[in-house]
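# prediction below, plus the sequence it came from.
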Protein chains: 2
Amino acid sequence: MNPLTSPLLTDLYQLTMLEGYISQGMSETAAFEFYVRTLPDTRGFLLASGLDTLLMFLEQLHFSGEEIAYLAKTGKFSKSLLDYLAQFRFKGDVYAMDEGTVFFQNEPVVRVIASLPEAQLIESRLINILHLETVIASKAARSVLAADGKALLVDFGLRRAHGAEAGLLAARASYIAGFDGTATVLAEPLFGIPVFGTMAHSYIQAHDNELEAFLNFAAANPANTTLLIDTYDVEKGAAHAAEAARILSKKGIRVNAIRLDSGDLLTQSKEVRKFFDAQGFHGINIFASGNLDEYGILHLLAENAPINGFGIGTKLDTSEDAPYLECAYKMVEYAGSPRAKKSPGKNMIPGRKQIFRKMENGIMTKDLLALEDEKAEGVPLLAKVMDRGRRKKAHASLNDIRGHARLQLESLPPHFKALETAPAYLVEVSPSLSKLFPRQPAD
Amino acid sequence: MNPLTSPLLTDLYQLTMLEGYISQGMSETAAFEFYVRTLPDTRGFLLASGLDTLLMFLEQLHFSGEEIAYLAKTGKFSKSLLDYLAQFRFKGDVYAMDEGTVFFQNEPVVRVIASLPEAQLIESRLINILHLETVIASKAARSVLAADGKALLVDFGLRRAHGAEAGLLAARASYIAGFDGTATVLAEPLFGIPVFGTMAHSYIQAHDNELEAFLNFAAANPANTTLLIDTYDVEKGAAHAAEAARILSKKGIRVNAIRLDSGDLLTQSKEVRKFFDAQGFHGINIFASGNLDEYGILHLLAENAPINGFGIGTKLDTSEDAPYLECAYKMVEYAGSPRAKKSPGKNMIPGRKQIFRKMENGIMTKDLLALEDEKAEGVPLLAKVMDRGRRKKAHASLNDIRGHARLQLESLPPHFKALETAPAYLVEVSPSLSKLFPRQPAD
């Protein structure tokens, strides 16, 4: 039972609810929408990511013989339910906004149209996937805006990401948002994402002196030489790097960059730049890392730190200042009738929705939340991506998604590009949609 | 290439460093230790978790033919390195504190003794696993202390955990810390953790009225009936639940509990309790959920909320107030000689270490960080758990680990059991260990 693909990576209540639905024959068509109720204080917009990961999951979803046998053994489930699950494949329709699209509060990112048990059964993992990637892409977009094309951005966060899948998908989501690559090797064979690497302090420590460590590393990696210079003392480390560069240049090996991983990156980067320039090493780039995030990038670049690239790790991969979103996957229609719950503080809008985005001179001005079949001004954001369990078309390449995200970020109103929180983006509700709300079954 | 097991879920620099080590024949024995430099402001102690997950990972670790072929295709690596990787199995020794042990700043949780390339190659995923489970166990322990045995605690966080592995391992880590179970189904077949479930709002919404939904659910799940009563209106929901309980009792079906998932849980739980008691339903428990954490639990129980169980989700599974730890896996010895780096703000203690814990009347009083082979007062916390790549003994059962964690939490000094941050726990460094520091290679 592989947690990445198993239908048992779900909440128990999905199965107990299905027990009810199957026994009552409640299998009419339901519509569920995934959206974010309110944005975290530190986010003015979100960036959609995870759709392709979700569709791959849905296409393969099934219960293995071992999984059915386990469920049977628990004694909790009826034969009818087990029979239903044994033949289960997801045959629903999925509507979604493109990955890499900017979105705001209450806007459906994904809508699932399927028989009630199907739409229900996929809930936990659907949220788990879309939430993770959207959390990371939205965090990463802030570093991209802060760097403003002036420095390379590389995801360094695998080690403190929350588990294997988080580490891997953080590479994907941050690349979509505009990062240049990741240190995570597996992201290249699985997603085609460029992979970057330097060296660790342990490499220096394992050698008897720093210069020898630099020379050995370069000899073994002549095409990819970034030297970490802060293991003992940055000034001496820079001198060793320069010495290594002189020795290596005679062998035709170029030192591409040095890395600073601690301390005052602003002062150090300026001193190191000055030192290298004075020695004629204008081509040695400076790469910085060490608990950085978008605020660190913005500060360093605003103070003209001569830094050519940033490794952004922990704070990106855990989305440290907003590690979760108030997202939900809610039933908005069942058997042709709009539905909504009315729990205190969590009111929601029933009905199948479309988002129409108005633009002026290439800048987003307003979103309209309307009924799916309404006509309205603006660009509709949701389109059908899966038809009866099959993708409608080959999925977009990751580079196309990344290109789309870049255009989306460029079309943000200027104050949404700043790191400070802007007033919430205007998301209007159409009169027709408003009429559905409040609506509730007889009580 | 499965990210959960693949050696390619690593940072590129591990491979480029190995290129250097292999080409230079640097394969003497190295010691690396995993520890946490400083605790987050909101944590007075940490709880070790993840060792068993790590050992399972190390035992199976190898490069598949497909993975070697991929690495060869990149053109980045030498034939010697590829040959080394193709035959790689982890053959090192591992020393560790038991899972479920309380620990503090600078204390090694795991020590790896292996040839330098082996010890290096496992770094990224070793940190990734130990960090995740320790983050979650340490967060969960705070809810356990807040609940103080007065209410059931269930992990509800899968959907907003950061991916599949985080959701699954959050169930494991929180169970170790003292939670009673999880909603995540897969945690039962994989770990034997008790699984709990209720129903979602969508179940109610799919029915034309709430009473009918309650009755149908109970009929389909007669042994496991918890009714969610806040979909539309808590007062009416409670009335429907009582009505359902009356009807069901005639059929011999018992309503175990109701669930509140929003709004003012204190007021609602008191009103609902009063209402049920007045109707003679003293046996219907109240289960509460909805963005809760240890502070919410403490507050509700301090105000005598008649709540019998809590579902703790997002804030647990993302460790919302401290989503990462300042952990590191650092070389402390190579080829028989102690090693350390001295980067600004990140000084570390070289040498193989042991922790001796002093207790008085069953309460922890002080830890001594000493050399591995020193004799000192107190209980040594680290023991050998893996010998040349094989586990020394069958791993402890999860319930044994959980029992150990309970005793550990009980032996905390009283002010460490409070949620407010206590002054840092006293971790002394032995004179012999101090003599190793500072030590650095010639520069």
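Yep, that arrived.

# show me which residues of stretch A:405-421 are buried.
Residues A:A405, A:R406, A:Q408, A:L409, A:S411, A:L412, A:F416, A:K417 are the ones in stretch A:405-421 that count as buried (16 or more other C-beta atoms under 10 Å in any protein chain shown). To be clear about C-beta, it is placed using only N, CA and C from the backbone, and glycine gets the same treatment.

# between the residues you listed, which is nearest chain B?
The closest of the buried residues of stretch A:405-421 to chain B turns out to be A:A405 (C-beta to the nearest C-beta; 20.5 Å).

# could you dump the buried residues of stretch A:405-421 into TSV and include secondary structure, distance to B:T225 and pLDDT?
Listed next are the buried residues of stretch A:405-421 as TSV, based on DSSP: H, G, I helix; E, B strand; the rest coil; distance: C-beta to C-beta, whole Å; pLDDT from 0 to 100:
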residue	secondary structure	distance to B:T225	pLDDT
A:A405	helix	46	98
A:R406	helix	52	98
A:Q408	helix	47	98
A:L409	helix	49	98
A:S411	coil	51	97
A:L412	coil	49	96
A:F416	helix	48	93
A:K417	helix	52	92
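
# just the CA atoms of stretch A:193-204, as CSV, please.
The C-alpha trace of stretch A:193-204 is given here as CSV (Å, rounded to 0.1, in the frame of the first residue of the first chain):
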residue,chain,number,x,y,z
ILE,A,193,13.3,20.7,-13.7
PRO,A,194,16.9,22.0,-13.8
VAL,A,195,19.0,20.8,-10.8
PHE,A,196,21.6,22.9,-9.1
GLY,A,197,24.2,21.9,-6.5
THR,A,198,27.2,23.3,-4.6
MET,A,199,29.0,21.6,-1.7
ALA,A,200,28.3,21.2,2.1
HIS,A,201,30.5,22.2,5.0
SER,A,202,31.2,18.5,5.7
TYR,A,203,33.1,18.4,2.4
ILE,A,204,35.5,21.1,3.6
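
# now that stretch: average pLDDT?
When pLDDT is averaged over stretch A:193-204, the result is 93.

# wait, A:D155 touches A:L316, no?
Yes - counting by C-beta atoms under 8 Å, A:D155 does reach A:L316; the two are 6.3 Å apart.

# identify the contacts common to these two.
A:A140, A:A170, A:S174 (C-beta atoms under 8 Å, 6 or more residues apart in numbering or on different chains).

# list the helices and strands the helix or strand the last one falls within packs on?
Under the criterion DSSP states H and E, the helix or strand holding A:S174 is helix A:164-177. For helix A:164-177, the contact count by 3 or more C-beta pairs under 8 Å, 6 or more residues apart in numbering or on different chains; DSSP states H and E identifies helix A:123-147, strand A:152-155, strand A:181-182, helix A:187-191, helix A:314-317, helix A:398-410, helix B:123-147, helix B:164-177 as packing neighbours.

# next up, the contacts around the closest residue to chain B within the stretch 1-150 of chain A.
Closest residue of the stretch 1-150 of chain A to chain B, C-beta to the nearest C-beta: A:L12 (2.9 Å). When the contact criterion is C-beta under 8 Å, 6+ apart, the partners of A:L12 are B:A183, B:T184, B:V185, B:V195, B:F196, B:G197.

# can you flag the buried ones in those residues?
Buried members of the contacts of A:L12, scored by 16+ other C-beta under 10 Å, are B:A183, B:T184, B:V185, B:V195, B:F196, B:G197.

# mind putting those into TSV with secondary structure?
Listed next are these as TSV, based on DSSP: H, G, I helix; E, B strand; the rest coil:
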residue	secondary structure
B:A183	coil
B:T184	strand
B:V185	coil
B:V195	strand
B:F196	coil
B:G197	coil
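
# chain A next: which of those are close?
Restricting those to those touching chain A (C-beta under 8 Å from any C-beta of the partner chain) yields B:A183, B:T184, B:V185, B:V195, B:F196, B:G197.

# and which of those is nearest to chain A?
B:G197 (2.9 Å).

# grab the nearest non-local neighbour of the closest one.
Using C-beta to C-beta, 6 or more residues apart in numbering or on different chains and skipping residues adjacent in sequence, the residue nearest B:G197 is A:L12, 2.9 Å away.

# domain ranges for chain A, per the record?
Split into domains by automatic domain parsing, chain A comes to A:12-134+A:332-435, A:137-317.

# most tightly packed of those?
domain A:137-317 (a mean of 22; mean count of other C-beta atoms under 10 Å in any protein chain shown).

# end to end on it, go ahead and measure it.
In domain A:137-317, first residue to last residue: 10 Å (C-alpha to C-alpha, to the nearest Å).

# repeat that for stretch A:56-69.
End-to-end distance (C-alpha to C-alpha), stretch A:56-69: 25 Å.

# wait, A:F281 touches A:E243, no?
No - A:F281 is not in contact with A:E243 according to C-beta under 8 Å; the separation is 10.9 Å.

# so A:K236: helix, strand or coil?
Applying three-state DSSP: A:K236 is helix.

# is it true that it touches A:F214?
No - if you go by C-beta under 8 Å, A:K236 and A:F214 don't touch, sitting 11.8 Å apart.

# one step back: export the domains of chain A to a markdown table and tack on distance to B:A370?
Formatted as a markdown table, the domains of chain A follow (distance: least, C-beta to C-beta, whole Å):
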| stretch | distance to B:A370 |
| --- | --- |
| domain A:12-134+A:332-435 | 42 |
| domain A:137-317 | 22 |
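
# centre of the chain versus the helix or strand encompassing A:Y203, how much separation?
For A:Y203, the element it lies in under DSSP H and E is helix A:201-206. Taking C-alpha atoms, centre = their mean, to the nearest Å, the mean C-alpha location of helix A:201-206 is offset from the chain mean by 33 Å.

# list the contacts of it.
A:210, A:213, A:217, A:228, A:231-232, A:261, B:17, B:20-21, B:26, B:30, B:32, B:116, B:120, B:123, B:330-331, B:334, B:339-341, B:343, B:441.

# among these, name the ones in strands.
Secondary structure from DSSP state E places A:L228, B:A30, B:F32, B:K330, B:M331, B:Y334 of the contacts of helix A:201-206 in strands.

# related to what we said a few turns ago, which stretch among the domains of chain A comes nearest B:T134?
B:T134 sits nearest to domain A:137-317 of all the domains of chain A, at 11.0 Å, using C-beta to C-beta.

# looking at the domains of chain A, which is nearest to B:S49?
Nearest to B:S49, of all those, is domain A:137-317, at 12.6 Å by C-beta to C-beta.

# the residue nearest to A:V185 when sequence neighbours are not counted: neighbour count?
Nearest non-adjacent residue to A:V185, counting by C-beta to C-beta, 6+ apart: B:L8, 4.6 Å away. When neighbours are counted by other C-beta atoms under 10 Å in any protein chain shown, B:L8 registers 23.

# tell me the SS of B:L8?
Reduced to three states by three-state DSSP, B:L8 is coil.

# so where's the stretch 201-350 of chain A shaky on pLDDT?
Residue ranges of the stretch 201-350 of chain A with pLDDT under 70: A:343-347.

# please enumerate the helices of it.
Taking DSSP state H, counting those that start in this stretch, the helices of the stretch 201-350 of chain A run over residues A:201-206, A:210-220, A:234-249, A:265-278, A:294-302, A:314-317.

# show me what the fourth one is packed against.
By that I understand helix A:265-278. Using 3+ C-beta pairs under 8 Å, 6+ apart: helix A:265-278 touches helix A:234-249, strand A:257-260, strand A:285-288, helix A:294-302.

# nearest to B:A164, out of the ones you listed?
Closest approach to B:A164 among the helices and strands packed on helix A:265-278 (C-beta to C-beta): helix A:294-302, 27.3 Å.

# who does that closest one touch, helix- and strand-wise?
Using 3+ C-beta pairs under 8 Å, 6+ apart: helix A:294-302 touches helix A:123-147, helix A:265-278.

# any idea how far the last one is from the chain center?
Spelled out, it's helix A:265-278. Relative to its chain's centre, helix A:265-278 lies at 34 Å (C-alpha atoms, centre = their mean).

# stretch A:169-186 now?
Averaged C-alpha coordinates place stretch A:169-186 at 9 Å from its chain's average position (C-alpha atoms, centre = their mean).
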